[in-house]
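> pasting the sequence and the predicted model now:
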Amino acid sequence: MKLENKKALIARTLNVGKSRVVLNLSRLTELKEAITKQDVKDLLSDGAITVKEVKGRKKVVKRKTRRRLGSIKQKVNKRKQTYVKLTRKLRTHLKILKDQEKISKDSVRDLRKQIRASEFRSLAHLKERIKEQDLFIKEAKK
């Protein structure tokens, strides 16, 4: 059975849209008999009719505090943060190698310049470059 006219009556009575009205089809006989606005209100309180929540955006509430220069937070530049983290990691690794006398001061200076120029993607990349160029001091000193 079509309940479009009933839905329209219910929507007018409750001051909501037709799409928000949900009918409990297990109580169909009671819904058919509802004619007056009072019948609709009684069915709503009994639970034969339910009304969905309003969809969509909420109304924007005006800010209470003013946004002045001191309260505006700028977005953090993530690229700078990643550069700083990587640079610190690579430089500490170089310092450890230099302290252990596994690598010469000249090659450390060159590698630091390359780190500054962002030539390394990661610590593994730095280690690979050191192995490729064979910058390790030979164990012949001992």
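In hand now; what should we look at?
> how close does the closest residue to residue 118 other than its chain neighbours sit to residue 93?
Distance criterion CB to CB, 6 or more residues apart in numbering; nearest residue to residue 118, sequence neighbours excluded, is residue 83 at 6.7 Å. The way it works is simple: take the backbone N, C-alpha and C, and place the C-beta from them, glycine included. Residue 83 sits 16 Å away from residue 93, taking CB to CB, to the nearest Å as the criterion.
> what does the closest residue to residue 136 other than its chain neighbours show for phi and psi?
Leaving aside its sequence neighbours, residue 136 sits nearest to residue 102 (CB to CB, 6+ apart; 5.6 Å). For residue 102, the backbone dihedrals (degrees, to the nearest 10) come out as phi -90, psi -10.
> wait, doesn't residue 102 sit right on residue 138?
No: using CB atoms under 8 Å, residue 102 is not in contact with residue 138; the gap is 10.2 Å.
> who's more crowded, those two?
Counted by other CB atoms under 10 Å, residue 102 and residue 138 do not tie: residue 102 has more neighbours, with 13 against 7.
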